[in-house]
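Novice: Turn this into a model:
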Amino acid sequence: MRHVRTFAAGAMIAALGLGLAACNRETPHQTYTAQQFYETTSFSLASGDGYAFSSDGANILISSDATGVYNAYALPAAGGDPSALTNSTTTATYAVTYFPNDGRILYSTDGGGDELTHIYLRTEDGQTRDLTPGERVKAAFAGWRSDGAVFYVTTNERNPQAFDLYSYDATTYQRTLVYQNNEGYHLNDISSDGRWVALVQDINSANNNIHLVDLNATGVARRPRLISEHAGNIEHGIYTFTPDNSALVYGTDEHGEFTQAWTYNLSTGAKASLITADWDVMNVSFSRSGRYRVSSINADASTQLTITDTQSNATVAVSGLPEGDITQVRFNRDETQIAVLVASDTSPSNVFIADLAGGEARRLTNALNPAIDENMLVTATVERFASYDGLQIPGILYCPRTATAENRAPAIVLVHGGPGGQSRRGYSAQVQHLVNHGYAVYAINNRGSSGYGKTFYHLDDRRHGDVDLQDVVASRAFLASQDWVDGDKVAIMGGSYGGYMVAAALAFQPDAFNVGVNIFGVTNWPRTLTSIPPWWAAQRQALYDELGDPATDAERLRAISPLFHASNINKPLLVVQGANDPRVLQVESDEIVAAVRANNVPVEYIVFPDEGHGFQRRDNRVTASEAYLAFLNQYLKGETPAAAPASGS
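Specialist: Model prediction:
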């Protein structure tokens, strides 16, 4: 489902009013290199819209970066080593789905991070074929028809700003245009009988509509039909169609601060509440028969997942799973088993398999590098502080095991991307590497973050680089109040929108932090908002509503753009960028680096020629993490570097 932003003041607990945040003060301690942290393997399950289990149930289709580059694998359900199905050595490649009745698969890959994803076929004998060819085409898998004879794919080949829906014959691969998306809405889902298409129309950053298309209709009756009539600003999103194709399950914040799950009866138009909680309902899905419903709640930056037997309305208990978040659930063909992905702060995601009739879940993967003792890693806590105006701001706090009042730790305020993202609990090699080397990390959820109610989410609309930045600056005082933090040594770090906040803090509050680490951050808003990728066209107006329209609001956007105020920056800066980034162009980083260097301020710059908006290759992630640590050690701790720092362009 498209994420819906939300907040409730009642959910904010002034946890820090009772004393200092908890800290893991344990010895002895072992440190590890970035290489060791990234020799941890990342796993994910095939798409929830497809088949993750092979037709005979013997294998589970997964993605893994075991070689350093993501590829598709067949993981034996009985246990054992996965078998590679793709062998890319350069570009991340992801498993999508098995075919219903044989060992063929679909997988996806792009051009080195350019986000122009294509859908590929791999036959049982290992032959591959691009099913969505084209120079500037972006495509995505959209699901299977219930009879398994047809699968669906969206592409923007006709119009770069709109995604049309095609059906593919599962035998001949002949395709047919099913729905031409002339309106340019978000094409979110198609019912498993191939009749209904659900679309979302963005109006502004707080308001959108759901439309349905009946593909069995003709003429005017086949046009999108509005089903979310409402007054004022209400956000909606699509979860799924029910397996019997009787209803659409959708999300809405119409009835409170948080997103609830509702159903829309496709025959009668009747709406009914399905799931409500004191937090956002993140996702709702079903097993293919409809026997089981899976739902997840975003509970204070952690995922609470429930599997419900729809026949008895009872919750299905799965024993033998470790503490942590269950982030993916996939059913085998006869719905007697599930594969799940489980992660925690100290453990990367591992694949487990469980029998729904009972018995202990079995772990099928070992993600953490065996050279790393998990006891040396740190469990985070959710901590809140009163910001400049008294508003309670949440965040995820990591305390180094060696930090004490006598050995205070330097700190990093880590700002998430977005705008409107959320820092969440879970494993991060990047964060654990820094914490392992003695840095406190506070992953802040400043106002404007999702997950805390719609009021909180919209508190920074048209006030970016102002109220959100003030929250980030105020977090330094919170960190300094901890007896185990060295309040004189605090860095700011972030990627994408978080990278913007780094540059903004150094430019607009030049004495707030000691150093900054800007990872592909926006520095020139007028340029970024006029150069957004064409496939973002459906949400352009929402972005403009939240941030500003460069055609009419250029003066304000220029005023909050760090590039035009770079002469104020007087603290050391590290910038890391992917050359293929279609969202934050490399020129953004090139120019801020040149401007800060002109101030005779230390600047280090790394450009990865084979990455986009986020780093997929293990070697590049290692290089980046080594650079973060070396830079912080030199300019925050004041240590003399053992060797020349990594350099780029």
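Novice: what distance separates the start and the end of stretch 335-346?
Specialist: From its first residue to its last, stretch 335-346 covers 31 Å (C-alpha to C-alpha, to the nearest Å).
Novice: pLDDT (mean, whole number) over that stretch?
Specialist: In this model, stretch 335-346 has an average pLDDT of 96.
Novice: next one: stretch 483-492
Specialist: Averaged across stretch 483-492, pLDDT comes to 97.
Novice: which of the residues in it are buried?
Specialist: Neighbour counts using 16 or more other C-beta atoms under 10 Å place 484-486, 489-492 of stretch 483-492 among the buried residues. Placement of C-beta: from N, CA and C, glycine included.
Novice: from the residues you listed, which two are the most distant?
Specialist: 484 and 492 (19.6 Å; C-beta to C-beta).
Novice: Show me how far the longest helix seen in the chain is from its chain's centre.
Specialist: As assigned by DSSP state H, the longest helix anywhere in the chain is helix 618-635. A distance of 22 Å separates the centroid of the chain from that of helix 618-635, by C-alpha atoms, centre = their mean, to the nearest Å.
Novice: so what secondary structure elements neighbour that helix?
Specialist: On a contact count with 3 or more C-beta pairs under 8 Å, 6 or more residues apart in numbering; DSSP states H and E, helix 618-635 meets helix 34-38, helix 429-436, strand 515-519, strand 573-578, strand 603-608.
Novice: Could you count how many residues lie near residue 368?
Specialist: Residues lying near residue 368 (other C-beta atoms under 10 Å) number 20.
Novice: Which residue is the nearest non-sequential neighbour of it?
Specialist: residue 40 (5.4 Å; C-beta to C-beta, 6 or more residues apart in numbering).
Novice: Which residues are in contact with the one you found?
Specialist: 348, 367-369, 372, 429 (C-beta atoms under 8 Å, 6 or more residues apart in numbering).
Novice: gap between it and residue 121?
Specialist: Distance of residue 40 to residue 121, computed by C-beta to C-beta, to the nearest Å: 31 Å.
Novice: wait, which of the buried residues of stretch 483-492 is closest to residue 173?
Specialist: Checking the buried residues of stretch 483-492 against residue 173 by C-beta to C-beta gives residue 492 as the nearest, at 49.9 Å.
Novice: Next up, the contacts around that closest one.
Specialist: Contacts for residue 492 (C-beta under 8 Å, 6+ apart) come out as 412-413, 415, 472, 501-502, 505-506, 512-513, 515-517.
Novice: go on, residue 73?
Specialist: By C-beta under 8 Å, 6+ apart, the contact set of residue 73 is 61-64, 66, 82-85, 95.
Novice: Assumed it was part of a strand.
Specialist: Yes - applying DSSP: H, G, I helix; E, B strand; the rest coil, one finds residue 73 inside a strand.
Novice: which non-adjacent residue is nearest it?
Specialist: Nearest residue to residue 73 in three dimensions, chain neighbours excluded: residue 82, at 3.8 Å (C-beta to C-beta, 6+ apart).
Novice: roughly how far apart are that neighbour and residue 326?
Specialist: Distance, residue 82 to residue 326, by C-beta to C-beta: 20 Å.
Novice: for residue 548, same thing?
Specialist: 39 Å.
Novice: Equivalent analysis for residue 581, please.
Specialist: For residue 581, the distance to residue 326 (C-beta to C-beta) stands at 32 Å.
Novice: secondary structure class for the residue lying closest to residue 548 once chain neighbours are set aside?
Specialist: Leaving aside its chain neighbours, residue 548 sits nearest to residue 557 (4.9 Å; criterion: C-beta to C-beta, 6+ apart). At residue 557 the chain is in helix, as set by three-state DSSP.
Novice: of all the buried residues of stretch 483-492, which comes closest to residue 593?
Specialist: The nearest member of the buried residues of stretch 483-492 to residue 593, counting by C-beta to C-beta, is residue 492 at 16.8 Å.
Novice: What is the three-state secondary structure of the residue lying closest to residue 521 once chain neighbours are set aside?
Specialist: The shortest distance from residue 521 to any non-neighbouring residue, by C-beta to C-beta, 6+ apart, is to residue 499 (1.9 Å). Put simply, residue 499 is helix when judged by three-state DSSP.
Novice: Same check on residue 294?
Specialist: Using three-state DSSP, the structure places residue 294 in strand.
Novice: ok, back up a step: I'd like to know which of the contacts of residue 73 are part of helices.
Specialist: Among those, the subset assigned to helices under DSSP H is empty.
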